[in-house]
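Asks: what shape does this take:
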Amino acid sequence: MAGSNGKQKTARDMVLSLALIGIAAAVVYFISIPHDDHAPDLKRVDYRIELLTARRAADYPVAAPEGLPSTWKATSVRFQGDKSNRWHLGFQTPDGQYVQVEQSTRKPSEFIEQASQGASATGRTETAGDRTWTRYTGGRYDALVLRGPSGSTTVVAGTASFEDLKTMAAALRMR
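Replies: Residues are numbered from 1 along each chain as shown. Take a look at the predicted model:
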């Protein structure tokens, strides 16, 4: 009988140790891991200087929105004149979705594929402002595409609804 009591103690100690480890893991989980389901607050960027630079350097009219509500937040901007003559302007919509304006003089099929994250033409068009855009869907983003008169292609794409994409496309002024 003396031998079985030692085995019971060992098994009981092992169960207690596992329970203590489980409690410690639960405490670490609840304290150190953020559990907020909201997207992080993105910093608003001022894109005016980059826009002026792009408009001077690009060999096409560079697009930027005018008259968007202040609830649309510019979050990213870049102009890559040396590589692909590419303009990028990213926005967060009022409901937290993403919309980007991309322009380039690269080969349209490759540029559209990249800027729309793999979306395909639907054969449908949308009128936004005074321009007719081709609608793309699928892939990671939905998109509206405009082939410019100066060899440039403009893509308005993102996770936002087509209504938001149209709002951005209608606000674009190309200079």
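Asks: in the protein, which spans are helices?
Replies: Secondary structure of the chain (DSSP state H): helices located at 2-32, 48-57, 108-115, 162-171.
Asks: let me know which of those is the nearest to S84.
Replies: Distance to S84, taken as C-beta to C-beta, is lowest for helix 108-115 among the helices of the chain, at 8.0 Å. In this view, the C-beta of every residue, glycine as well, is placed from N, C-alpha and C.
Asks: list the buried ones in the closest one?
Replies: For helix 108-115, burial by neighbour count (16 or more other C-beta atoms under 10 Å) applies to P108, F111, I112, E113, A115.
Asks: mind giving me the packing neighbours of that helix?
Replies: Counting contacts by 3 or more C-beta pairs under 8 Å, 6 or more residues apart in numbering; DSSP states H and E, helix 108-115 packs against strand 98-104, strand 142-147, strand 153-158.
Asks: if I look at the nearest residue in space to R106 that is not next to it in sequence, how far off is E110?
Replies: Leaving aside its sequence neighbours, R106 sits nearest to S84 (C-beta to C-beta, 6 or more residues apart in numbering; 5.2 Å). Look at S84 and E110: by C-beta to C-beta, to the nearest Å, they are 10 Å apart.
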